[in-house]
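J.: got a sequence here, can you build the structure:
(chains A and B)
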Amino acid sequence: MNTVAEAASIDAHGDSLWLKALHKFRRDRVGMWSLGVVSAYALVALGVVLGWWANDWAAVTGPKWAPMSAQYWFGTNIIGQDIFARALYGTRTAFEVGLIVALGATLLGAVLGAVAGFFSGTFIDEMVIWIMGVLDSVPFILLVAAIAYSLQGSPWAMHVAMIATFWITTARLVRGEVIKLKGLEFVEAARAIGVSKPLIIFRHILPNTLHILLVQATISFVAAIKSEVILSFLGLGVKEGMSWGLMISESTFEVLAGFFNNFIAASILMFGLVMAFNLFSDALQDALDPRTVSRP
Amino acid sequence: MDILQYSIRKLIAGIPLILGVTLVSFLLIVYFGPDQTYSLLGKNPTAAEIAELRSQLGYDQPFVTRYLQYLREIVTLDFGSSQANDEKVSSILARTIPVSLALSLPGFVLGNLLGVALALVAAYNRGRWLDKFIMGFAAVGMSISFLIVIIGFQILLSSSDGLDLFPVRGWDTSTPLQYLRYVTVPTLATVFVALGYNTRFYRAVIVEEMTRDHVRTARAFGIPQSQLFYKNILKNSMIPIVTRVVFSIPLIVISGSLLLESYFGIPGIGYVTYDAIVTGDQPVLKAVVALTAVLFVVAQLLTDICYRIVDPRVSLK
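T.: So this is what the prediction gives:
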C-alpha cells in the first residue's frame, strides 16, 4: 500500500537496523519493563552463583511447615528447609538451563540452517530437511524419555533433548533467510573476488540473520524454563541441586495437606520470569521487524 | 487421476520420514539403550545362559539385521511383553489408548473451538480494549506452566481447601456422570493452557487474512461485517487452523496426557509410558515412541492429501 513511502522514510533516517531497533525498543514501555524484570531475575541468579545469598538452600534450618515470618520469608517446607532460599536457588537453575539450551539450540540452528540454505536444492540441504522432519515427528516428551533412557539418567539428558528439539525452528527460519540473502549482490561480489564458501556463509551471510537468532534465542530460553518444570516433575529433569520444577513436585503432597507456600513461591517466581521473558521476546520481535516502521 | 497420483507420490515421499523416526527410536532405545541381559536373567547365571539370552535379544547380530527386526516388530505390532507384568504390549496399547482418548478429547475440542472463537472476537475488535484483554489473557495462559495449572485447578475444585466438587484423582467411566466427574478437572486445565497458545496463533492467522486484498474488496462492496468474517475471513483461514489441529493430535494423545495421567493416576497410555520411563521398560517404551512418531508422519501426509481434495488452490507440486 504505502510501502514505497515507508521505504523512503527508512532511507531518510539512514540508521542501521540495530540502531532503529534500539530506538523502537526504548519507546516500547512494555518491552522496557519486561527487560527490567528479566534483568532483576538475572541479578538474583548471578547472586546465587557468586554466593551472595541462598547458600543454605539445602540445610534444614527450621521446624516443619513454618509460616511466613521475618526469619523464613516464604516459610519452610516439609522437612524444615527455607523455601525462600530454595526459590532463589531455583532462579539460578532456571537461568542455567535456559542459557545452555538457548545457546546450544541457537548455535546449532544457525549453523545447520545456514549451511542448508546456502546449499539449497543439493543433497546437504535434503539431509538437513530430513533430520528436521524426523526430529519434529517424535513427540517432545518421548524424545526426552528416549534420550534419558539411552544416556542412562545422565543429568544432561534434559539439555540434550531440548537442544535437539528447539534448534529446528531456528534452522527453518535461518534457512529461508539465507536462501533470500545468497542471491543478493554482496554475496555475488564476495564470490567474484574468490572468498571461500565457508567464509561467505559464516562471515558474510550468517551475521545478517542475527535478528532472527536473537528472537529465537529468547523463545528457546522461555521454552526451556517451562519444559524444565514439567520434566523435573516427571523425574526426567534436574538431578542435582534445586529447581522450581522440583519444588512444585515436592509440593504436590504438601498441597493436599493444605500447605501452599512451596507451591506458590515456585509458581509465582516462575510465572514472573516466563511472562516477562515472553513480553520481552515480543517487544524484541517488534523492534527488529523492519516491516513495522517506527514513527518519529 | 491427479489426486491418486498425488497421494501415491506423497506416500512415497513419507517413507524416508518413517524410516527416520523409526531409526531414531531404534538408536536411542534399542541400540544405544541399556543392556537388557542382566535385568532379564536371574541370579548367578551361567556363561551359557548369558550367551543364549544375548543371542535371543539379538545383541550378537549386526546393526542392519537388528534394525530390520525392529521394523518388523512395528509392522506386525508385535513388540513382545512388558517387563513389568508380562502383559503383551499390543494388549496394553489396546487397553489404554481408549482411556487416553476419552480423557483428552473434550479438552482438545473445547480448547480449539474456544481458541478460534476468542481469536475471532479479538480480531473483530482489533486494537480495542476487548482485543487487548483477550490477548493479555492469552499471554498469561502461555506463561503459566501446565503443571501449575493442573495443581491450581485441583486445589480450587477438588481439595477440601477449595470447592471440593470433584474427586482428587483416579478414573471411572462406568456411568456418564462418573465420567464427567473425573474428566472435568483435567479438561479445564487442558483448555486453560491450550487457549493461551491457540488464541494467539489463530488471531495472527485471522488478522493476516483480514488484511488481504479480497477482504478489502468485499468490504468495499458493502458486505456486512459478520458475513465478511464468516465467509471471507474464517473460511480462508481454515488451512493453517486445520494444520495446527491435525499436528497437535499426536501431541495430545501422548505428551499432553503423560503429565495429566501421571498426575491424576489415570490408567491411559500416558501413565503406562510414564511407568515405562521410570522403570526402564524397554518393550513398552519402544512401542510407544515408534508408533506415535509413525502416526504423526501419517497424519501429516493425510492432511496434505486432504488439502488437495478440499482446496483447489493447493498446488500439485
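J.: low-confidence stretches in the chain?
T.: Reading this off chain A. A:1-15, A:54, A:57-74, A:76-80, A:153, A:290-296 (pLDDT under 70).
J.: not quite, I wanted chain B
T.: B:1, B:37-39, B:41-42, B:250-256, B:310-317.
J.: OK, now which residue of it is nearest to chain A?
T.: B:Gly20 (3.4 Å; CB to the nearest CB). C-beta: built from backbone N, CA, C; applies to glycine.
J.: for that residue, grab phi and psi.
T.: Dihedral angles phi and psi of B:Gly20 (degrees, to the nearest 10) take the values phi -60, psi -50.
J.: number of residues surrounding the closest residue to it other than its chain neighbours?
T.: Nearest non-adjacent residue to B:Gly20, counting by CB to CB, 6 or more residues apart in numbering or on different chains: A:Val134, 3.4 Å away. Using other CB atoms under 10 Å in any protein chain shown, A:Val134 has 21 other residues around it.
J.: which other helices and strands does the host helix or strand of A:Val134 contact?
T.: In the assignment (DSSP states H and E), A:Val134 maps to helix A:123-137. With contacts taken as 3 or more CB pairs under 8 Å, 6 or more residues apart in numbering or on different chains; DSSP states H and E, helix A:123-137 sits against helix A:83-118, helix A:157-181, helix B:2-25, helix B:282-310.
J.: any buried residues in it, and which?
T.: A:125, A:128-129, A:131-137 (16 or more other CB atoms under 10 Å in any protein chain shown).
J.: still on that earlier bit, okay, the helices and strands packed on helix A:123-137 in CSV with mean neighbour count and distance to B:Ser158 next?
T.: Shown next, in CSV, are the helices and strands packed on helix A:123-137 (neighbours: other CB atoms under 10 Å in any protein chain shown; distance: least, CB to CB, whole Å):
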stretch, mean neighbour count, distance to B:Ser158
helix A:83-118, 23, 24
helix A:157-181, 22, 30
helix B:2-25, 16, 36
helix B:282-310, 21, 29
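J.: how about the ones you listed in TSV, adding distance to A:Leu213?
T.: Formatted as TSV, those follow (distance: least, CB to CB, whole Å):
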stretch	distance to A:Leu213
helix A:83-118	5
helix A:157-181	7
helix B:2-25	26
helix B:282-310	27
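J.: compare those helices and give me the one nearest A:Ile200.
T.: Proximity to A:Ile200, assessed across those by CB to CB, is greatest for helix A:83-118 (7.6 Å).
J.: in contact with the residue lying closest to A:Leu273 once chain neighbours are set aside, which residues?
T.: Leaving aside its sequence neighbours, A:Leu273 sits nearest to A:Tyr41 (CB to CB, 6+ apart; 5.1 Å). Taking CB atoms under 8 Å, 6 or more residues apart in numbering or on different chains, we find A:Tyr41 in contact with A:91, A:95, A:272-273, A:276.
J.: what parts of the stretch 151-296 of chain A come near chain B?
T.: Selection of the stretch 151-296 of chain A residues close to chain B by CB under 8 Å from any CB of the partner chain yields A:152, A:226, A:229-230, A:233-236, A:245, A:248, A:251-252, A:255-256, A:258, A:260, A:263, A:267, A:270-271, A:274-275, A:278-279.
J.: quick check on these: which are buried?
T.: By neighbour count, with 16+ other CB under 10 Å, these hold A:226, A:229-230, A:233-236, A:245, A:248, A:251-252, A:255-256, A:260, A:263, A:267, A:270-271, A:274-275, A:278-279 as buried.
J.: what about B:Leu68, neighbour count?
T.: Neighbours of B:Leu68 using other CB under 10 Å come to 11.
J.: the helices in the stretch 201-317 of chain B, which residues?
T.: B:213-220, B:225-227, B:238-247, B:249-251, B:257-264, B:269-279, B:282-310 (DSSP state H, counting those that start in this stretch).
J.: can I get those in TSV with distance to B:Leu57?
T.: TSV is the format used below for the helices of the stretch 201-317 of chain B (distance: least, CB to CB, whole Å):
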stretch	distance to B:Leu57
helix B:213-220	61
helix B:225-227	64
helix B:238-247	36
helix B:249-251	29
helix B:257-264	27
helix B:269-279	18
helix B:282-310	10
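J.: the ones you listed into CSV, with extra columns for distance to chain A?
T.: Converted to CSV, the helices of the stretch 201-317 of chain B look like this (distance: least, CB to the nearest CB, whole Å):
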stretch, distance to chain A
helix B:213-220, 10
helix B:225-227, 21
helix B:238-247, 9
helix B:249-251, 6
helix B:257-264, 5
helix B:269-279, 4
helix B:282-310, 5
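J.: in a helix, B:Asn198, correct?
T.: Yes. Assessed with DSSP: H, G, I helix; E, B strand; the rest coil, B:Asn198 lies in a helix.
J.: got a list of what it touches?
T.: Contacts for B:Asn198 were tallied using CB under 8 Å, 6+ apart; they are B:111-112, B:114-116, B:119, B:244.
J.: can we see that at 10 Å?
T.: For B:Asn198, the contact set (CB atoms under 10 Å, 6 or more residues apart in numbering or on different chains) comprises B:111-116, B:118-119, B:138, B:141, B:191, B:241, B:244-245, B:248.
J.: for the helix or strand harbouring A:Leu273, the distance to its chain's centre please.
T.: Using DSSP H and E, A:Leu273 sits in helix A:261-288. How far helix A:261-288 lies from its chain's middle: 11 Å, per CA atoms, centre = their mean, to the nearest Å.
J.: angle of it against helix A:83-118?
T.: In terms of direction (axes from the mean of the first three to the mean of the last three CA atoms, to 10 degrees), helix A:261-288 departs from helix A:83-118 by 30 degrees.
J.: excluding sequence neighbours, find me the nearest residue to A:Ala146.
T.: B:Leu28 (4.0 Å).
J.: what's the neighbour count on the one you found?
T.: Here the count is done by other CB under 10 Å, and B:Leu28 has 24 residues near it.
J.: now A:Ala192
T.: By other CB under 10 Å, 9 other residues sit near A:Ala192.
J.: and for the helix holding A:Val134, what's in contact with it?
T.: Contacts made with helix A:123-137 from outside it, assessed by CB under 10 Å, 6+ apart, are listed as A:109, A:112-113, A:115-120, A:143, A:164-165, A:167-169, A:171-172, A:175, A:179, B:14, B:16-24, B:247, B:250, B:292-300.
J.: quick check, the helix or strand where B:Thr65 lies touching chain A?
T.: For B:Thr65, the enclosing helix or strand under DSSP H and E is helix B:63-76. No. Contact of helix B:63-76 with chain A (CB under 10 Å from any CB of the partner chain) is absent, the minimum separation being 13.4 Å.
J.: equivalent analysis for stretch B:182-189, please.
T.: No. Stretch B:182-189 stays clear of chain A (CB under 10 Å from any CB), getting no nearer than 12.7 Å.
J.: check stretch B:122-141 too.
T.: Yes. Judged by CB under 10 Å from any CB, stretch B:122-141 and chain A are in contact via B:139-140.
J.: please identify the buried residues of that stretch?
T.: Per 16+ other CB under 10 Å, stretch B:122-141 contains these buried residues: B:122-124, B:131, B:134-135, B:137-139, B:141.
J.: many thanks, we can stop here.
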